[in-house]
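[1] need a 3D model of the sequence below.
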Amino acid sequence: MKQLLCISDTPWAAVPTRTQQLMARLRDVQILYFAPPARRGDDSYKKPGRRVRPGLMVYTLPPVLEAEEHNRLLFQSNQRRLCRFICRAMELHGFREPILWCSTPRAVHFLDRVPCRGIVYDCARDWSHLPDRWESDLTLAADVAFAASPELADHLSPCSDNVALLPNGANYSMFSRTDLEIPLELAGLDAPVLGYSGTLWRDLDLSPLLRAAREHPDAVFLLVGRREHNPLLHRLEELPNVRFLGEKRLIELPEYLGRFDVCLSLLRSQSPDNDVLPPRIFEYLSTGKPIVSMLAPGQVEPFPDVIYGAHSPAEFSQLCGSALAETGSWARERRRTYGEAGSWSRRAQEVERILTTIGLF
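    Purely as a prediction, here's the structure:
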């Protein structure tokens, strides 16, 4: 059976990340998944690997002392400690020269210490806060680099001739269901519903939502997700037609999206990943419901035939009205087609196809 060693940039979580979604769907592969180093004082790394599904074991890397690369002795000591941990797990599970899947440029420090038969770099975000050389060297060494957006693909292309576009996705079968029950807290709600699903980050630009809620007083705006301290939250809380529902379990989320009449997407003002479509967009597409999305300056409109793209709060509010008035089924069916094409299962199949083509699978 094929063997794959994954160096992830995120822990294995209840709300699956991109890396989790892909790893869980690769077929006929034994996988060792290594989460980032534990914090000092956290002994979770001492626990045996956790089997999260057949053939997929999850480990947490041991904690290391904070050290910049110029502090050569301590930095190299840290990398050796991490590599020893990885190699012990490989030996325990009988891994011999697996494919090395890297979700972070930090994995570049393992390339000369962890035996592998091939290298994959999955770039799903901007890493400009790390030294440029790390990502450049990793991309140069990789047999293939996957990029979550055209902008990221262009960014990687000077270092590799083998860069493949692999956007984010969604669990289509979960979000396309039509046999959903209405959550009890929404029972009796008969007004038009415009909804946002996702974390309300401190730098999430809520001004388009604030304007739309004020200009559409007969509609209800539902916000589903965890809240951070955002400077505009208190102004939204003052509006009678805005409701905060808090964070929901992933298994519950389709029921809330099922009550939306229009799905909303907003931008983070400090995020450099403006052209990386979040999984939220593909979840929305899977429902078939109208989508109104804010666009960054100069951003190419994603799915312009089925997403209402706004460039200003005023246009966002106007398009909310247009989306509520949408009639006909052609756009709904086309959105669902896009959602199905963007399912995580399809993304994993594309990974398998490419890795087979280049001889790694």
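
[2] tell me which residues are up against stretch 6-22.
    Residues from elsewhere that reach stretch 6-22 (C-beta atoms under 8 Å, 6 or more residues apart in numbering): 23-24, 31-36, 50, 52, 58, 60, 100-104, 106-107, 110, 122, 124, 148, 168-169, 171, 249-250, 279, 344, 347-348, 351. For glycine as for every other residue, the C-beta is placed from the backbone atoms N, C-alpha and C.

[3] of those residues, just the buried ones, ChimeraX syntax please.
    Restricted to buried positions by 16 or more other C-beta atoms under 10 Å, the ChimeraX selection for those reads:
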select :23,24,31,32,33,34,35,36,58,60,100,101,102,103,104,106,107,110,122,124,148,168,169,171,279,344,347,348,351
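
[4] can you tell me which of the contacts of stretch 6-22 are in helices?
    Among the contacts of stretch 6-22, the members found in helices (DSSP state H) are Met23, Pro279, Trp344, Arg347, Ala348, Val351.

[5] tell me where the stretch 1-150 of the chain has helices.
    With helices called from DSSP state H, counting those that start in this stretch, the stretch 1-150 of the chain shows them at 18-23, 72-92, 132-141, 150-156.

[6] nope, the stretch 251-361 of the chain is what I was after
    In the stretch 251-361 of the chain, the segments counted as helices under DSSP H, counting those that start in this stretch are 253-259, 279-287, 313-324, 330-341, 344-357.

[7] which residues sit against the first one?
    This means helix 253-259. Contacts for helix 253-259 (C-beta under 8 Å, 6+ apart): 174-175, 177-178, 180-183, 186, 189, 193, 195, 197, 222, 224, 245, 248, 263, 283-284, 287, 289.

[8] which stretches of the stretch 251-361 of the chain have low pLDDT?
    271-274 (pLDDT under 70).

[9] please redo it, this time with the cut-off set to 80
    270-274 (pLDDT under 80).

[10] same thing with the stretch 51-200 of the chain?
    Across the stretch 51-200 of the chain (using pLDDT under 80), the flagged ranges come out as 66-71.

[11] mind checking the SS state of Ala164?
    Using DSSP: H, G, I helix; E, B strand; the rest coil, the structure places Ala164 in strand.

[12] residues contacting it?
    Val144, Ala145, Phe146, Ala147, Ala153, Glu350, Ile354.

[13] report the separation between the nearest residue to the fifth one once chain neighbours are set aside and Asp154.
    What sits nearest to Ala153 in space, not counting adjacent residues and going by C-beta to C-beta, 6 or more residues apart in numbering, is Ala147, at 3.8 Å. Taking C-beta to C-beta, to the nearest Å as the measure, Ala147 and Asp154 are separated by 8 Å.

[14] higher neighbour count, these two?
    Taking other C-beta atoms under 10 Å, Ala147 and Asp154 do not tie; Ala147 has more neighbours (24 against 12).

[15] in terms of contact, does that one touch Leu156 like I think?
    Yes. In this structure Ala147 lies within contact range of Leu156 using C-beta atoms under 8 Å: 5.7 Å.

[16] which residues are in contact with both of those two?
    Cys123, Val163.

[17] contacts only, for Met294.
    By C-beta under 8 Å, 6+ apart, the contact set of Met294 is Asp205, Pro208, Ser265, Leu266, Leu267, Gly309, Ala310, His311, Phe316.

[18] hmm, I was thinking of Arg27
    Ala348, Glu352.

[19] all strands of the protein, in order?
    Assigned by DSSP state E, the chain shows strands spanning 2-7, 29-35, 50-53, 56-60, 99-102, 118-123, 144-147, 163-165, 193-197, 220-224, 242-246, 262-265, 291-294, 307-310.

[20] format those as JSON lines; extra columns: distance to Leu130.
    As requested, those are exported to JSON lines (distance: least, C-beta to C-beta, whole Å):
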{"stretch": "strand 2-7", "distance to Leu130": "14"}
{"stretch": "strand 29-35", "distance to Leu130": "18"}
{"stretch": "strand 50-53", "distance to Leu130": "28"}
{"stretch": "strand 56-60", "distance to Leu130": "21"}
{"stretch": "strand 99-102", "distance to Leu130": "13"}
{"stretch": "strand 118-123", "distance to Leu130": "12"}
{"stretch": "strand 144-147", "distance to Leu130": "16"}
{"stretch": "strand 163-165", "distance to Leu130": "19"}
{"stretch": "strand 193-197", "distance to Leu130": "30"}
{"stretch": "strand 220-224", "distance to Leu130": "32"}
{"stretch": "strand 242-246", "distance to Leu130": "33"}
{"stretch": "strand 262-265", "distance to Leu130": "27"}
{"stretch": "strand 291-294", "distance to Leu130": "28"}
{"stretch": "strand 307-310", "distance to Leu130": "31"}
